[in-house]
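Student: sequence plus the predicted model coming up.
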Amino acid sequence: MPARLSILIAEDNAADRMLLSTIISRQGHRSLTASNGLEAVALFEQERPQLVLMDALMPVMDGFEAARRIKQMAGEELVPIIFLTSLTEGEALVRCLEAGGDDFLAKPYNRVILEAKINAMDRLRRLQDTVLQQRDLIAQHNEYLLNEQRVAKAVFDKVAHSGCLAAPNIRYLQSPYALFNGDLLLAAFKPSGGMHVLLGDFTGHGLPAAIGAMPLAEVFYGMTAKGYSLTEILREINAKLKRILPLGVFCCATLLNISFQRRVVEVWNGGLPDGYLLRASGGERVPLVSRHLPLGILDAAAFNDHYEVFPLELGDRIFLLSDGVLEACNQQGELFGEKRLHRVFTANRQPALLFAEIQQALLSFRGELQDDVSLVEVSMVEEGSLSRGPLTFTGSGQHSPLDWSASFEFRGETLRHFNPLPFLLQLLIEVEGLRPQGGAIYSVLAELYSNALEHGVLGLDSSLKCNAEGFAEYYQQRSARLAQLREGYVRFHLQLLSESGGGRLIIRVEDSGSGFDGQAILEQQLRIDRLCGRGLALIRQLSERCTWPVDGQGVSVEFSWLAGA
Amino acid sequence: MAITSLPSPDGQELTIVIQGRFDFGAHQEFRDAYERVNLSPKRYVVDLKGTTYLDSSALGMLLLLRDHAGGDHAQIRLLNCNPDVRKILAISNFEQLFQIT
């Protein structure tokens, strides 16, 4: 049963008007009547009927003009107009439709046909109504969603930008809504200098892809600031994502640990396309290949944190990209692929233009811009050229301890699995006066520890690192010997003394090795190739005093501070 | 995009055939292919012969199938991967979780 409509009848012939009005009322509709176009327009404006029966030829204003005005007033709403006409030639009927008419009814009127046409027009009218309602609803939902994304992005930007993406040796390109296509780029200075950089790509798109980014960023920044190593951070991120993400959602990622002082980069790639180490001299491109499953898939026991180590020289660049580049698709369904990327690399002359050239290549390949591309490039520079903020501490604000000593001995089993540095650093920066030197202290602790572990406990020969093959060999031996370590120890003796106007920290490190000839090492290091250790020189440079006994058993370093300095 | 599933005569193995793009759009259909069969096969075969493309959502769906099929004990073979598909599986190191032939 059709709804009751209000129907406007515009007809100059009084008898016809009466007849139509009667038919319509009998069908249960309400009728409004006008005797010319002008009256019809006025009545429409006043009463807003849902359907109009319009005579074509009327005095004062004809049906064509009236139809045009009524359609204009109706706007998006469909108010069907059925022309009543004795005109028969095609041209006149076409004029009716052009003026906005939806149908016509020939005189003399047939009651049954009129009823059928009113019903048909009512169906159309309601269809249009539904479409408009749904359109508005979709627009409203979309607006709502965009707003949520804006808020989420603002929150996320605060988290993500606490890092050091603005450092002068980092160049990156990310679409403004990269977060919502699942891409994530993080970079942070380590307490020891150097940086961690992570490029991640979550499965899927939209909010589900963005949701894992937050905990990942928190773990990355929090643990980096506390001095945790690449493998510890990887394990924590993997475990956390595995725990919180639904099955089937995971994060492809490459994590870099760059040490500017030691001039090495550690690379772990799980599921991202090959990155590249672009050599400054010789133009070699060393691929940084995905060797692992993405983060968030394996449980802790099965997770593989094995990373590769590459020596770096000044001006070397590390280039990472997300799969948006390689999987860009043209109209023929071809993928952009690695070959085309390599052509761009080969043609590149000015490093600063590389990103623009990649984008240009994508543009001419696809014919339109690609908006889910993430690129990052980190250069090997002198540590001193990077200005980094002071270490951030989450101190309790209580008075700090000033006169104490402590000794720790880390033995074989522990050395295999545990990194004592964050633990020691947290302990030392409880001392307020030491905080401004936190970075230097951490660097010195790290150097002392790796010297004690690698040369003392594991008995590795650092002269191995004098060329690239030996360099790789060195790190292979390191993991192999560490994995089999049962005995041996590294001892830290920490002593804190109160001095007039400040205080002093003395760190002594001993190991189970056979000692070393410090003077010889220092002299040797001036001569041999720069791939191998600058450890001892660095320690001397960063600490106030650095001494070792003649037998080379144990190194002592000192830091002091003035209160209020 | 069309996904069909075909149990072996003895009901021990279920073959899922994927035509066209294997991406998020296939989510429901792919799940139905192994959830809506009234048998519990021991082995699964995902035939990718007609699969032109596979994205990271598809990798996620494969992990869901793996979980359904018994997690670490699942026996799933991925068959007939074209070079593009094989490349994507290789980058993600999925050969550690699936038998790719």
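Tutor: It's in.
Student: contacts, neighbours, all on C-alpha from now
Tutor: Fine.
Student: what does the helix or strand of chain B with the lowest mean pLDDT contact?
Tutor: Ranked by mean pLDDT, DSSP states H and E, the weakest helix or strand in chain B is strand B:51-54, scoring a mean of 85. The contact list for strand B:51-54 (C-alpha atoms under 8 Å, 6 or more residues apart in numbering or on different chains) reads B:18-23, B:81-82, B:84-85, B:88.
Student: elements contacting the helix or strand following it?
Tutor: From strand B:51-54 onward toward the C-terminus, using DSSP states H and E, the following helix or strand is helix B:56-68. On a contact count with 3 or more C-alpha pairs under 8 Å, 6 or more residues apart in numbering or on different chains; DSSP states H and E, helix B:56-68 meets helix B:27-35.
Student: could I get the buried residue list for the helix it packs on?
Tutor: B:30-31, B:33-34 (16 or more other C-alpha atoms under 10 Å in any protein chain shown).
Student: re earlier: can you list the contacts of strand B:51-54 in CSV and add neighbour count and pLDDT?
Tutor: Formatted as CSV, these follow (neighbours: other C-alpha atoms under 10 Å in any protein chain shown; pLDDT from 0 to 100):
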residue, neighbour count, pLDDT
B:Ile18, 21, 93
B:Gln19, 16, 91
B:Gly20, 16, 88
B:Arg21, 17, 86
B:Phe22, 26, 89
B:Asp23, 19, 85
B:Cys81, 20, 91
B:Asn82, 14, 88
B:Asp84, 17, 84
B:Val85, 18, 88
B:Ile88, 21, 88
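Student: would you reformat the buried residues of helix B:27-35 as TSV and include distance to chain A?
Tutor: TSV is the format used below for the buried residues of helix B:27-35 (distance: C-alpha to the nearest C-alpha, whole Å):
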residue	distance to chain A
B:Phe30	13
B:Arg31	12
B:Ala33	17
B:Tyr34	16
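Student: what's the closest non-adjacent residue to whichever residue of the stretch 301-450 of chain A sits closest to chain B?
Tutor: With C-alpha to the nearest C-alpha, the shortest gap between the stretch 301-450 of chain A and chain B falls at A:Leu335, namely 8.6 Å. Computed as C-alpha to C-alpha, 6 or more residues apart in numbering or on different chains, the closest residue to A:Leu335 that is not its neighbour in sequence is A:Cys329, at 4.6 Å.
Student: tell me, how many neighbours does the one you found end up with?
Tutor: Close neighbours of A:Cys329, defined as other C-alpha atoms under 10 Å in any protein chain shown, add up to 17.
Student: parallel or antiparallel, which strands does the helix or strand where A:Leu375 lies pair with?
Tutor: Per DSSP H and E, A:Leu375 falls inside strand A:374-379. Strand A:374-379 pairs in its sheet with strand A:170-174 (antiparallel), strand A:317-321 (antiparallel), by DSSP bridges.
Student: return it as PDB; C-alpha atoms alone will do.
Tutor: Output of strand A:374-379 as PDB, limited to C-alpha atoms (Å, rounded to 0.1, in the frame of the first residue of the first chain):
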ATOM      1  CA  SER A 374      58.800   5.000   2.900                       C
ATOM      2  CA  LEU A 375      62.500   5.700   2.300                       C
ATOM      3  CA  VAL A 376      65.300   6.400   4.700                       C
ATOM      4  CA  GLU A 377      69.000   6.900   4.300                       C
ATOM      5  CA  VAL A 378      71.500   7.200   7.200                       C
ATOM      6  CA  SER A 379      75.100   8.400   6.600                       C
END
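Student: run the chain-centre distance for it.
Tutor: 14 Å (C-alpha atoms, centre = their mean, to the nearest Å).
Student: what residues of that strand count as buried?
Tutor: By neighbour count with 16+ other C-alpha under 10 Å, strand A:374-379 contains the buried residues A:374-379.
Student: next secondary structure after that strand?
Tutor: Downstream of strand A:374-379 (by DSSP H and E), the next one is strand A:404-411.
Student: quick one: average pLDDT of that following strand?
Tutor: Strand A:404-411 shows a mean pLDDT of 90.
Student: hmm, who's touching the helix or strand just after it?
Tutor: Reading on from strand A:404-411 to the C-terminus, the next helix or strand found by DSSP H and E is helix A:412-417. Here helix A:412-417 makes contact (C-alpha under 8 Å, 6+ apart) with A:482-483, A:485-489.
Student: sorry, back to before: got a markdown table for the buried residues of helix B:27-35, with pLDDT and distance to A:Pro168 too?
Tutor: Conversion of these to a markdown table gives the following (pLDDT from 0 to 100; distance: C-alpha to C-alpha, whole Å):
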| residue | pLDDT | distance to A:Pro168 |
| --- | --- | --- |
| B:Phe30 | 92 | 47 |
| B:Arg31 | 90 | 48 |
| B:Ala33 | 90 | 52 |
| B:Tyr34 | 91 | 52 |
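Student: next, A:Thr33: secondary structure please.
Tutor: strand (DSSP: H, G, I helix; E, B strand; the rest coil).
Student: skipping adjacent residues, who's closest to it in space?
Tutor: Spatially, and ignoring its direct neighbours in sequence, A:Thr33 is nearest to A:Ile9 (4.8 Å; C-alpha to C-alpha, 6+ apart).
Student: which residues does that neighbour contact?
Tutor: Applying C-alpha under 8 Å, 6+ apart, the residues contacting A:Ile9 are A:17, A:20-21, A:31-34, A:40, A:52-54.
Student: who wins on neighbours among those residues?
Tutor: Within the contacts of A:Ile9, A:Met54 tops the neighbour count with 30 neighbours, counted by other C-alpha under 10 Å.
Student: run through the residues that contact that one.
Tutor: A:9-11, A:63, A:67, A:81-84.
Student: let's see it at 7 Å
Tutor: Counting by C-alpha atoms under 7 Å, 6 or more residues apart in numbering or on different chains, A:Met54 makes contact with A:9-11, A:63, A:81-84.
Student: in strands only, show me the residues you listed.
Tutor: In strands, defined here by DSSP state E, the members of the contacts of A:Met54 are A:9-10, A:81-84.
Student: from the residues you listed, which single one is nearest chain B?
Tutor: Taking these together and measuring to chain B by C-alpha to the nearest C-alpha, the closest member is A:Ile81, at 42.8 Å.
Student: sorry, back to before: which members of the contacts of strand B:51-54 are the farthest-apart pair?
Tutor: Using C-alpha to C-alpha, the two most remote members of those are B:Gln19 and B:Ile88, lying 17.0 Å apart.
Student: returning to what we had before: check the contacts of strand B:51-54 against chain A, which are close?
Tutor: Applying C-alpha under 7 Å from any C-alpha of the partner chain, the subset of the contacts of strand B:51-54 adjacent to chain A is empty.
Student: mind checking which of these land in helices?
Tutor: Here DSSP state H is the test, and the contacts of strand B:51-54 give B:84-85, B:88 as lying in helices.
Student: assign A:Tyr228 to helix, strand or coil.
Tutor: Assignment for A:Tyr228 (three-state DSSP): coil.
Student: so how many other residues sit close to it?
Tutor: Neighbours of A:Tyr228 (other C-alpha under 10 Å): 19.
Student: quick check on it: phi, psi?
Tutor: In terms of degrees, to the nearest 10, the main-chain angles of A:Tyr228 are phi -70, psi 150.
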